[in-house]
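>>> let me see the structure of the following:
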Amino acid sequence: MFKYFFSIRKLGFAVVLVLTLMTFFLTARSEATEKEPIKVGVLHSLSGTMSISEVAVKDATLMAIDEINQKGGLLGRKIVPIVEDGASDWPTFAEKAKKLILKDKVAVVFGCWTSASRKAVLPVFEKYDHLLFYPVQYEGLEASKNIIYTGAAPNQQIMPAVSWLLKQGYKRFFLLGSDYVFPRTANLIIKKQLKVEGGVVVGEEYTPLGHTDYSTVISKIKAAKPDVIFNTLNGDSNVAFFKQLKAAGITADDIPVMSVSIAEHELIGIGAENAEGHYAAWNYFMSMKTPENEVFVRNYKARYGQDRVTDDPIEAGYFGVYLWAEAVKKAGTTDVKKVREALRGIKYKAPEGWVKIDPTNNHTWKIVQIGKIRKDGQFDIVWSSGKPIRPEPFPPLVSNKKVIAPGKIVNR
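Next up, the predicted model:
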């Protein structure tokens, strides 16, 4: 009987020992896993016609990641960016997005500029229920639970710019854009807005991305005699257009241009002397006087060179990383679904001021501003909303839909 009792005790001790060892190894493995780097994707055009704009956004994204790492990372883990080149080619964007999600297993992706690239990757992010931070103003008419829109919706850039121009007495609009979804949809909104607010379209032209010969377009502009040109060209086509417009003898005093896709960074390629006096509508300008912006500009120049400038998409790419990081800390995990939920209503004091993710549509509350181009390539802010504007991705002028929750759209 005693022999049996001691055998049971030995067996019990062995079981406890095995369980203890298993717990130890599982805990050690879990801790090791928690300390593994957090991989994030950075997907921008580093080559091709859109690289003039997107390389700098990539740089700002990497700067934000590095700043967070210098402060200890996230959840005690280092953030490791995996950078991919969309090459100004929409199928390539979709291919790279899939690679980042499935092969690299990133926690989030920061990237895209054009609406064409965003439309190309959207089905990928929705299929795999992943998360993209999109840093550029766009045409609206979209709201996905898989995208966080840190750029402006139409009511935070395009529409206020049109209203401001009309109030300045500019009634006759010539619409010029690149031939893809953003300019065409933006101009649809503008035409409907002008009809309501008392303006008229006297010309409308589209050119392919990368187009460089604007002689015919400029001849049409001269013939139409507009009060203002509303410019939705993207990429390096802007360099050719502004240089040729000035060479044709048309200055801002003759026919001002309002742009929504060129900012301080693009003006380096265009040459401020070719665009002085023209206008742009954005949510952020490098010339803004906030403590956060002073630090942001100083750090960006220290990292990339004193000749570098910041601009709206650069700033949106930068603070998008911080919004995601705040959500990760709030959720206590990098799990996409939990982070997405934590992002609802989250706020961050960006260089432009307080920004907030709207809990109903994944877009960002942002201040709206109009700037006039100076000879030094900076902007004088000539109008500001004064406070952040709630994003409305489905303007009533062009849509009978509204967003009631991320990913859920109903008729108005």
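>>> neighbours around the nearest residue to Gly73 once chain neighbours are set aside, how many?
Spatial nearest neighbour of Gly73, chain neighbours left out: Ile79 (6.0 Å); criterion: Cβ to Cβ, 6 or more residues apart in numbering. For glycine as for every other residue, the C-beta is placed from the backbone atoms N, C-alpha and C. Neighbour count for Ile79, taken as other Cβ atoms under 10 Å: 22.
>>> what residues are bridge-paired with Ile79?
For Ile79, the beta-bridge partners under DSSP bridges are Ile38.
>>> contact partners for it?
Taking Cβ atoms under 8 Å, 6 or more residues apart in numbering, we find Ile79 in contact with Pro37, Ile38, Val40, Ile65, Ile68, Asn69, Gly73.
>>> for the second one, report the pLDDT, please.
Reading off the confidence values, Ile38 has pLDDT 98.
>>> can you pull the contacts of it?
With contact taken as Cβ under 8 Å, 6+ apart, Ile38 is in contact with Gly73, Leu74, Leu75, Arg77, Lys78, Ile79, Val80, Ala107, Thr334.
>>> please check those residues and keep the buried ones.
Those of those that meet the buried threshold are Gly73, Leu74, Arg77, Ile79, Ala107, Thr334, by 16 or more other Cβ atoms under 10 Å.
>>> for Lys375, see how far away the second one is.
Going back to what we said before, that points to Leu74. According to Cβ to Cβ, to the nearest Å, Leu74 and Lys375 sit 43 Å apart.
>>> for stretch 92-107, what is the distance to the chain centroid?
On the basis of Cα atoms, centre = their mean, to the nearest Å, stretch 92-107 sits 18 Å off its chain's mean C-alpha point.
>>> now swap in stretch 290-303 and tell me
Here the centre of stretch 290-303 is set off from its chain's centre by 19 Å, with Cα atoms, centre = their mean.
>>> for that stretch, buried residues please.
Quick answer for stretch 290-303 (16+ other Cβ under 10 Å): Glu292, Asn293, Phe296, Val297, Asn299, Tyr300.
>>> which residues of the stretch 1-150 of the chain fall in strands?
38-44, 79-85, 109-111, 132-134, 147-149 (DSSP state E, counting those that start in this stretch).
>>> got it, and the stretch 151-300 of the chain?
Taking DSSP E, counting those that start in this stretch as the test, the strands found in the stretch 151-300 of the chain are 172-178, 200-207, 228-232, 257-259, 279-282.
>>> kindly reformat the ones you listed as TSV containing distance to Leu132.
TSV is the format used below for these (distance: least, Cβ to Cβ, whole Å):
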stretch	distance to Leu132
strand 172-178	22
strand 200-207	27
strand 228-232	22
strand 257-259	25
strand 279-282	21
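>>> okay, those strands in JSON lines with mean pLDDT, distance to Lys356 and mean neighbour count next?
Listed next are the strands of the stretch 151-300 of the chain as JSON lines, based on pLDDT from 0 to 100; distance: least, Cβ to Cβ, whole Å; neighbours: other Cβ atoms under 10 Å:
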{"stretch": "strand 172-178", "mean pLDDT": "98", "distance to Lys356": "30", "mean neighbour count": "24"}
{"stretch": "strand 200-207", "mean pLDDT": "98", "distance to Lys356": "35", "mean neighbour count": "17"}
{"stretch": "strand 228-232", "mean pLDDT": "98", "distance to Lys356": "27", "mean neighbour count": "25"}
{"stretch": "strand 257-259", "mean pLDDT": "98", "distance to Lys356": "27", "mean neighbour count": "24"}
{"stretch": "strand 279-282", "mean pLDDT": "98", "distance to Lys356": "18", "mean neighbour count": "27"}
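>>> out of those strands, which gets nearest to Gly151?
For the strands of the stretch 151-300 of the chain, the distance to Gly151 is smallest for strand 279-282, at 9.5 Å, taking Cβ to Cβ.
>>> in CSV, could you pull the C-alpha coordinates for that closest one?
This file holds the C-alpha atoms of strand 279-282, laid out as CSV (Å, rounded to 0.1, in the frame of the first residue of the first chain):
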residue,chain,number,x,y,z
TYR,A,279,-3.6,79.9,-54.8
ALA,A,280,-3.9,76.5,-53.2
ALA,A,281,-6.5,75.1,-50.7
TRP,A,282,-5.1,72.8,-48.0
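>>> show me what that strand is in contact with.
Identification of contacts with strand 279-282 by Cβ under 8 Å, 6+ apart yields 137, 152, 157-158, 160-161, 164, 256-260, 262-263, 311-312, 368-373, 379, 382.
>>> run the last query once more with 7 Å
Contacts to strand 279-282, defined as Cβ atoms under 7 Å, 6 or more residues apart in numbering, come from residues 157, 160-161, 256-260, 262-263, 312, 369-373, 379.
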